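1. okay, structure incoming, though there's no sequence with it:
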């Protein structure tokens, strides 16, 4: 499942001057990137990603001692697969992110319910 159209590269940053600056924005645009920043004065915009990185540091990085960068990269890759496929999240109703995304949305559920109803024409025949 793709969350973004495949041609877009999103760059999620805070409103730091190095990210909001003209030079960085030009490089990002030259590579087809789209800047995504917090709204001014709204610290909650970044809360989800901040929570993820805190969890990552606690569950993977805190006591890790990798000898080579490749070991850390492999460990991170394995962690991300586990995190998406198996780790349950209280904010998602205690299901994994992958299981949550597979659930039909409220709109999809209503459409399927309407499609499953017997037609009025069939009932009157």
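-> Here it is on my side, so go on. Since the structure is predicted, the reported quantities are computational estimates derived from the model, not experimental observations.

2. what helices or strands is the lengthiest helix in the chain leaning on?
-> Secondary structure assigned by DSSP state H gives helix 69-85 as the longest helix of the chain. Counting contacts by 3 or more Cβ pairs under 8 Å, 6 or more residues apart in numbering; DSSP states H and E, helix 69-85 is packed against helix 97-102. In this view, the C-beta of every residue, glycine as well, is placed from N, C-alpha and C.

3. name the residues that touch the helix it packs on?
-> 1, 83-85, 87, 89, 92-93 (Cβ atoms under 8 Å, 6 or more residues apart in numbering).

4. do the same with stretch 78-90
-> Stretch 78-90 is contacted from outside by 56, 59-60, 94-98, 100, using Cβ under 8 Å, 6+ apart.

5. which among the residues you listed end up buried?
-> For the contacts of stretch 78-90, a burial check counting by 16 or more other Cβ atoms under 10 Å picks out 60, 96.

6. strands along the protein, start to end?
-> Along the chain, counting by DSSP state E, strands occupy 9-13, 33-37.

7. weakest of those strands in terms of mean pLDDT?
-> Among these, strand 9-13 carries the lowest mean pLDDT, a mean of 55.

8. now do the same end-to-end measure for stretch 49-62.
-> Start and end residues of stretch 49-62 are separated by 18 Å (Cα to Cα, to the nearest Å).

9. buried stuff in that stretch?
-> Buried-residue list, stretch 49-62, by 16+ other Cβ under 10 Å: residue 60.

10. then stretch 81-101?
-> Residues of stretch 81-101 classed as buried: 83, 96, 99 (neighbour count, 16+ other Cβ under 10 Å).

11. okay, those residues in CSV with pLDDT and distance to residue 24 next?
-> Rendered in CSV, the data for the buried residues of stretch 81-101 read as follows (pLDDT from 0 to 100; distance: Cβ to Cβ, whole Å):
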residue, pLDDT, distance to residue 24
83, 93, 29
96, 91, 35
99, 91, 37
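
12. out of those, which comes closest to residue 48?
-> Closest approach to residue 48 among these (Cβ to Cβ): residue 83, at 13.2 Å.

13. number of residues surrounding the nearest residue to residue 66 once chain neighbours are set aside?
-> Spatial nearest neighbour of residue 66, chain neighbours left out: residue 72 (4.2 Å); criterion: Cβ to Cβ, 6 or more residues apart in numbering. A count of nearby residues for residue 72, using other Cβ atoms under 10 Å, gives 15.
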